[in-house]
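Visitor: Predicted coordinates and the sequence they were generated for:
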There are 2 protein chains.
Amino acid sequence: MSLTFLNKRVLITGGLGFIGSNLARRLVDDGAEITLVDSLIPEYGGNLFNVSDIQGRVRVNISDVRDKFSFRHLVQGQDFLFNLAGQTSHLDSMADPFTDLEINCRSQLSILEACREANPTIRIVFASTRQVYGRPEFLPVTESHPIRPVDVNGVNKVAGESFHLLYSDVYHIPTTVLRLTNTYGPRMRIKDARQTFVGVWIRRILEGQPFEVWEGDQLRDFTFVDDCVDAMIGAAENDSTIGKALNVGGVEVVSLKQLAVQLIEAAGVGEYTIKQFPQDRKKIDIGDYYADASTLYELTGWKPTTSLIEGLRATVDWFRPRLKHYID
Amino acid sequence: MSLTFLNKRVLITGGLGFIGSNLARRLVDDGAEITLVDSLIPEYGGNLFNVSDIQGRVRVNISDVRDKFSFRHLVQGQDFLFNLAGQTSHLDSMADPFTDLEINCRSQLSILEACREANPTIRIVFASTRQVYGRPEFLPVTESHPIRPVDVNGVNKVAGESFHLLYSDVYHIPTTVLRLTNTYGPRMRIKDARQTFVGVWIRRILEGQPFEVWEGDQLRDFTFVDDCVDAMIGAAENDSTIGKALNVGGVEVVSLKQLAVQLIEAAGVGEYTIKQFPQDRKKIDIGDYYADASTLYELTGWKPTTSLIEGLRATVDWFRPRLKHYID
């Protein structure tokens, strides 16, 4: 348990989503006064069921990061802002690039302007993504890897994180950017692949259906959500991370086929078929990726500790009795 | 003279501005059918006087890059797009970050969407800026230098150029991005320092007033506008530059004090005072900068050829009898 958050006011955007709701659960136990902001856009990760067991211990404020007036009010008096709201679907960002821009780029500037005006000492952790790197030129990918996003989502996330670093550098709003890799665990979106393909794999298994693995030799690292929450807390607690963009990595590197095998083992049941990449996704695929997260370790002592099989078991076991809350 | 543009349709955004109008003059002589788009925002570089001597040989269309409907029409049937319109003031981008975002980021996406829908084979050259690099970690700055902008303008220009590269990679719209350094020459904005501080230096000299040099030891490279126009034409003519972001550099590297001395020599008159950096500008200053432009040379044979003293003389001589058209 961390004392950092005891009686502290914490705002979490995307707070009803996957990572936000897991973070909220942790911080509630740490004694924080939490406000969750979420707009519950149906295609995104927000789900009221995600916080049903901490109801009454958190304040829920339904609003959209695009609504700058709400934010001017909401940031006031807060000690921490975990800024996790975002459009996460790569494919949707290509089909509707302006919505992605409004949420992942323009709204970030607008939230930061609200902080600058109304609360310039608020401690911010911003959730960015490995997608900013594009197709890796070397592995593991360090923070100094070139930035060359392969989709509109990546371009806007670069802008979103750059605004955060800029407002940290110029206006001294203390901010850390974390570049997340594939995160999985309880409360993730499993209805479809909009948040991560792992979600739809789990759904298919729990519905007794085979799931599709596209190609399957691509390497990836996966972070269990509890480890991701630890990384966010570690970033917020360590001022040495201020003004930096830092990778969050996984505990092991596996191919998608190996992930599929482990998921079936974790579930005790399941089968998959190998498919070619659909053309529209192939264009924006990044190939192999895994992160070098050593800088975050050096600065905060953070390391992922949940093995993949352990994390997958916890995830499947958690969803099995709650499936209907995630697919309707 | 290039045959590339003979009877070709060329659209230039920011076409009444400094570089756009110089480019137009060159392409008119090369036999191009030119449409200049400019919104003539008073604080920006557009000036109808810039094209007074090629009036009747170019079509002028007053509209704003934020107006997506105009652009859907304007890009149709064009062979080339030199996309030069932008908000250029670093300080203004901090005071009014949303306008900078709308013009340098969102409108770029919107122009590219218009091209994708209405003219996906249009050959694009996009004017970006050395500002994307932020404070140089090494000199000369190559294209692989980290991207860490120090102001809102830099963040939005990164997004603007990334959208161009992305639409080139994914949708095969043939696009080259040029990262310009300080460009100077006839038809630049000299009313104030919004385009470059060199402008206001020239104005002060021609008005018989001393100009201010801030600190003065910072190193910079300067491109004479004719050389910059050559770089743009070289980029457009060489398909090997497609999908790349390339530095445009200057012919020599000088400190701002050395530049001041050369400018006074070029004008035959003038004096300067040394001042400390104003605080609001210091925060977003990049220190020393000069570019490694060897990749552009390798791909196109382009090199700047106008010496600084020669370029400054041409600039001062050009403005002297035309001063009133640039300061009213």
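Guide: Yes, it's here.

Visitor: give the contact list for residue A:11.
Guide: Applying CB atoms under 8 Å, 6 or more residues apart in numbering or on different chains to residue A:11 gives the contacts A:34, A:35, A:37, A:74, A:75, A:78, A:80, A:81, A:82. For the C-beta atoms, the positions are set from N, CA and C on the backbone; glycine is no exception.

Visitor: let's go with 10 Å and repeat that
Guide: A:33-37, A:59, A:61, A:71, A:74-83, A:111, A:119, A:122, A:124 (CB atoms under 10 Å, 6 or more residues apart in numbering or on different chains).

Visitor: Parallel or antiparallel, which strands does the helix or strand encompassing it pair with?
Guide: Secondary-structure assignment from DSSP states H and E places residue A:11 in strand A:9-13. The pairing partners recorded for strand A:9-13 under DSSP bridges are strand A:33-38 (parallel), strand A:80-83 (parallel).

Visitor: Which helix or strand lies directly C-terminal to the longest one?
Guide: Sequence order places strand A:58-62 as the next helix or strand after strand A:33-38, per DSSP H and E.

Visitor: Can you give the contact residues for that following strand?
Guide: Residues contacting strand A:58-62 (CB under 10 Å, 6+ apart): A:9-13, A:15-16, A:21, A:24-25, A:27-28, A:32-40, A:46, A:48, A:51, A:70, A:73-74.

Visitor: redo that, cut-off 7 Å
Guide: A:24, A:28, A:34, A:35, A:36, A:37, A:38, A:39, A:40, A:51, A:74 (CB atoms under 7 Å, 6 or more residues apart in numbering or on different chains).

Visitor: The helix or strand following it - what's its average pLDDT?
Guide: The helix or strand immediately downstream of strand A:58-62 is helix A:68-74, counting by DSSP H and E. Averaged across helix A:68-74, pLDDT comes to 90.

Visitor: Any stretches of the stretch 1-150 of chain A with poor pLDDT?
Guide: A:1 (pLDDT under 70).

Visitor: Using JSON lines, please lay out the strands paired with strand A:9-13 together with mean neighbour count.
Guide: Converted to JSON lines, the strands paired with strand A:9-13 look like this (neighbours: other CB atoms under 10 Å in any protein chain shown):
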{"stretch": "strand A:33-38", "mean neighbour count": "25"}
{"stretch": "strand A:80-83", "mean neighbour count": "27"}
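
Visitor: Would you tell me which of those gets closest to residue B:135?
Guide: Closest approach to residue B:135 among the strands paired with strand A:9-13 is made by strand A:80-83 (25.2 Å; CB to CB).

Visitor: and the stretch 151-300 of chain A, which residues reach chain B?
Guide: A:152, A:155, A:158, A:159, A:162, A:163, A:166, A:169, A:170, A:283, A:284 (CB under 7 Å from any CB of the partner chain).

Visitor: Now list the buried members of these.
Guide: A:152, A:155, A:158, A:159, A:162, A:163, A:166, A:169, A:170, A:284 (16 or more other CB atoms under 10 Å in any protein chain shown).

Visitor: if I look at the nearest residue to residue A:119 once chain neighbours are set aside, how far off is residue B:189?
Guide: Nearest residue to residue A:119, sequence neighbours excluded (CB to CB, 6 or more residues apart in numbering or on different chains): residue A:75, at 4.9 Å. Distance, residue A:75 to residue B:189, by CB to CB, to the nearest Å: 37 Å.

Visitor: before we move on, what about residue A:86?
Guide: Per CB to CB, residue A:86 is found 38 Å from residue B:189.

Visitor: tell me, which helix in chain A spans the most residues?
Guide: Ordering each helix of chain A by length in residues (DSSP state H) puts helix A:152-171 first.

Visitor: Tell me what angle that one forms with helix B:152-171.
Guide: Using axes from the mean of the first three to the mean of the last three CA atoms, to 10 degrees, the direction of helix A:152-171 lies 170 degrees away from that of helix B:152-171.

Visitor: helix or strand right after the strand holding residue A:11?
Guide: Following strand A:9-13 in sequence order, the next helix or strand is helix A:18-29 (DSSP H and E).

Visitor: what sits against residue A:169?
Guide: Counted by CB under 7 Å, 6+ apart, residue A:169 has contacts A:243, B:150.

Visitor: got it, and residue A:154?
Guide: Contacts of residue A:154 (CB under 7 Å, 6+ apart): A:131, A:132, A:134.

Visitor: Please, where are all the strands along the stretch 201-328 of chain A?
Guide: Assigned by DSSP state E, counting those that start in this stretch, the strands in the stretch 201-328 of chain A fall at A:211-214, A:219-224, A:245-247, A:253-255, A:272-275.

Visitor: Could you give the separation of stretch A:124-144 from the chain centroid?
Guide: When C-alpha coordinates are averaged (CA atoms, centre = their mean, to the nearest Å), stretch A:124-144 and its chain have centres 13 Å apart.
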